[in-house]
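**Q** below are the sequence and a predicted model; questions follow.
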Amino acid sequence: MTAEILNLKSKISNSQSGTIIVYNLVVIFIFAMVMVGVLAYAAAQLRVIRSTVNREQAFDIAEAGVNYYQWRLAHFTTDYWDGNASTTPGPYIHDYIDKDTNQKIGEYSLQITPPLPGSTIVTIKSTGYTTDNTKQKRTVTVRYGIPSLAQYGFLTHSYVSVGSATTFYGKFHSNSGIQFNGVGNAPITSAKTNYTCQSGDGCSGTHAAIWGTAPASTQAFWQVSVPDILFSSFTGNFSDLENMATGQADLPPSGSGYYGYSLVFNSNATVSVYKVNGLRTHGTGYDTLGQAHSEDIDYSSTGRVLQYTMTMPSSGVIFVKDNVWVEGVVNGRVTVAATKYTTTANQQAKIYIPNNITYLAKDGNHVLGLMAERNVLVTYYSPNDLEINAAMIAQNGAIQRFCFSNTTKNTLTVYGSISSFLRAAFYSYCSGYSGYQTRNYTYDSNLLYGPPPGYPLSSEGYQQISWTSD
């Protein structure tokens, strides 16, 4: 009996041991399965972390490439080939060194796109990657451009008064005082803090540098004590423009018996070049300084002799060492520069606008620069409704219509920009009102980074226009 009991206890004990072993095996199996999942998850997370680290490092390396080339452009403005010959295309590959360890940890590859003709915009595409994972790349693309002085819708060195019937769209700057009674939609700035009215200004007393009865929405754009814009810097541009002009686009003095040249732009991308040998008479006019001008400034109906018709110059520059009349429809990108290289005011070259001068389309593909050594003048017999599409510079004189007493006209529309050393005016008073009663000025925003050929650029250098990454 005792033996049977012992034998039964042994069987029970063996049965329990087997159950425990099976249980333990199940637990171990479950634990192993869980751990496999945990380890797989940990490994996946580690790969994600490594990938994220590599991706972020690749991004930092790509940005380093952009920063490097931004520095290069600041020191070598027209180097679009990373210091190589202009015939050597990219990409340009550079090592990226960790400053802490002084070890190479990656590379960036640069692709530089130079400005298109008529533009100052450079595109920098930088692709970065680490040495640990060369397949995981990040790219940063940045566009830089140098603003032109045509960034201003209106620019002058002198005091200026803006009437209540005038609307300006674009940046407005004077190195002197501004009486602004019109409407504007962009910064209106003066290099002065205060301004004391001078004889002939048509105002009196001392004012803040900008004052007037403009709407509050316009006055919100007023800023004073900003830096001067130096008109003297334009002088060098005439020499550069002369070097650019070749063949029929480089016009010498018109010769004895002639008053200058007449350029008529044709919509088929040609320019008809005339010599002017007859003028139409009119009364005395007065400039914005009150000085009398008895000279006639309109060519007569039979006062032109056709010299030739040429295609738009490939350099984009027509250089005239004489006075020149400009009109027509501009198809393409061109600058007309007129200078006699003299400091004698009454002998300096002038540009006359006798008729409409417009673009084939206002899409940035057609642009006209007018750079006069002295004045840019709207003539006496200009149309009652006149449109001017151009970026205009009067280096030593004014962009204006002389005041011919009691000869008012209807509407002047300017699309482009005005840079006038002396006071600009298209409507004034001289024993009676004269000029265009309604004046509308619209800034051509395409001029900011796509100025006319050879047009002066800002001293600000390259500015960032856009930034993208992937």
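**A** Looks like it arrived, so ask away.

**Q** alpha carbons of stretch 431-440, as PDB, please.
**A** Taking Å, rounded to 0.1, in the frame of the first residue of the first chain, the C-alpha atoms of stretch 431-440 are listed here in PDB:
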ATOM      1  CA  SER A 431       1.800 133.000 -66.000                       C
ATOM      2  CA  GLY A 432      -0.700 130.200 -66.600                       C
ATOM      3  CA  TYR A 433      -0.800 126.500 -66.200                       C
ATOM      4  CA  SER A 434       1.000 124.200 -68.700                       C
ATOM      5  CA  GLY A 435       1.400 120.500 -69.300                       C
ATOM      6  CA  TYR A 436      -0.600 117.400 -68.500                       C
ATOM      7  CA  GLN A 437      -3.400 118.000 -66.000                       C
ATOM      8  CA  THR A 438      -3.700 114.300 -65.100                       C
ATOM      9  CA  ARG A 439      -0.500 112.300 -64.400                       C
ATOM     10  CA  ASN A 440      -0.500 108.600 -63.800                       C
END
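
**Q** just the buried residues of that stretch, please?
**A** 434-436, 439-440 (16 or more other Cβ atoms under 10 Å). Quick note: C-beta positions are derived from backbone N, CA and C, even for glycine.

**Q** any chance of those in a markdown table, plus secondary structure, distance to A216 and pLDDT?
**A** Below are the buried residues of stretch 431-440 laid out as a markdown table (DSSP: H, G, I helix; E, B strand; the rest coil; distance: Cβ to Cβ, whole Å; pLDDT from 0 to 100):
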| residue | secondary structure | distance to A216 | pLDDT |
| --- | --- | --- | --- |
| S434 | strand | 31 | 94 |
| G435 | strand | 28 | 94 |
| Y436 | strand | 27 | 95 |
| R439 | strand | 22 | 91 |
| N440 | strand | 21 | 91 |
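
**Q** turn these into TSV, columns for distance to S119.
**A** Listed next are the buried residues of stretch 431-440 as TSV, based on distance: Cβ to Cβ, whole Å:
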residue	distance to S119
S434	40
G435	35
Y436	33
R439	30
N440	27
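
**Q** looking at those, which two lie furthest apart in space?
**A** S434 and N440 (18.3 Å; Cβ to Cβ).

**Q** and the closest residue to I93 other than its chain neighbours, how many neighbours?
**A** Excluding the flanking residues, the one nearest I93 by Cβ to Cβ, 6 or more residues apart in numbering is S109, at 5.0 Å. Each residue near S109 was counted by other Cβ atoms under 10 Å, and the total is 19.

**Q** specify the beta-bridge partners of S109.
**A** I93, T127 (DSSP bridges).

**Q** wait, isn't it in contact with T134?
**A** No: between S109 and T134 there is no contact under Cβ atoms under 8 Å: 10.9 Å.

**Q** top strand in this protein by residue count?
**A** Scanning the chain for the strand with the most residues, using DSSP state E, yields strand 407-420.

**Q** next, the buried residues of the helix or strand following that one.
**A** Going down the chain from strand 407-420, the next helix or strand is strand 427-429, by DSSP states H and E. Using 16+ other Cβ under 10 Å as the test for burial, strand 427-429 gives 427-428.

**Q** what pairs with strand 427-429, parallel or antiparallel?
**A** strand 433-443 (antiparallel).

**Q** specify the angle between the strand it pairs with and strand 407-420 in degrees.
**A** 40 degrees (axes from the mean of the first three to the mean of the last three Cα atoms, to 10 degrees).

**Q** which parts of the stretch 51-200 of the chain are helices?
**A** With helices called from DSSP state H, counting those that start in this stretch, the stretch 51-200 of the chain shows none.

**Q** where does pLDDT dip in it?
**A** Filtered on pLDDT under 70, the stretch 51-200 of the chain yields the residue ranges 51-53.

**Q** show me what contacts the nearest residue to G450 once chain neighbours are set aside?
**A** Leaving aside its sequence neighbours, G450 sits nearest to S119 (Cβ to Cβ, 6+ apart; 4.9 Å). Residues counted as contacts of S119 (Cβ atoms under 8 Å, 6 or more residues apart in numbering) are 145, 449-450.

**Q** got TSV for those residues, with distance to N102 and neighbour count too?
**A** What follows is those, written out as TSV (distance: Cβ to Cβ, whole Å; neighbours: other Cβ atoms under 10 Å):
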residue	distance to N102	neighbour count
G145	36	20
Y449	40	23
G450	44	23
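
**Q** give me the distance between the residue nearest to G450 and K362.
**A** Counting by Cβ to Cβ, to the nearest Å, the gap from S119 to K362 is 17 Å.

**Q** strands along the stretch 351-470 of the chain, start to end?
**A** 351-353, 357-359, 367-372, 376-378, 385-394, 399-400, 407-420, 427-429, 433-443, 463-469 (DSSP state E, counting those that start in this stretch).

**Q** what residues does the shortest one touch?
**A** If you take Cβ under 8 Å, 6+ apart as the criterion, strand 399-400 is touched by 287-288, 375-378, 392, 418-420, 423-426.

**Q** give me that answer again for 10 Å
**A** 154, 156, 285, 287-288, 351, 353, 370, 372, 375-378, 388, 390, 392-394, 414, 418-428, 435 (Cβ atoms under 10 Å, 6 or more residues apart in numbering).

**Q** and what of the fourth one?
**A** Outside of strand 376-378, the residues within contact range by Cβ under 10 Å, 6+ apart are 285, 287, 293, 297, 323, 325-326, 338, 350-355, 370, 386, 388, 390, 392-395, 397-402, 409, 412, 418-420, 424, 426, 435-436.

**Q** what pairs with it, parallel or antiparallel?
**A** strand 351-353 (parallel), strand 399-400 (parallel).

**Q** then the last one?
**A** Strand partners for strand 463-469, identified by DSSP bridges, are recorded as strand 138-145 (antiparallel).

**Q** and the strand it pairs with, C-alpha only, in PDB?
**A** Extracted in PDB, the C-alpha atoms of strand 138-145 (Å, rounded to 0.1, in the frame of the first residue of the first chain):
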ATOM      1  CA  ARG A 138      19.200  67.100 -50.000                       C
ATOM      2  CA  THR A 139      19.000  70.000 -52.400                       C
ATOM      3  CA  VAL A 140      18.600  73.700 -51.700                       C
ATOM      4  CA  THR A 141      17.900  76.100 -54.600                       C
ATOM      5  CA  VAL A 142      18.300  79.900 -54.100                       C
ATOM      6  CA  ARG A 143      17.800  82.800 -56.500                       C
ATOM      7  CA  TYR A 144      19.800  85.900 -56.000                       C
ATOM      8  CA  GLY A 145      19.600  89.200 -57.900                       C
END
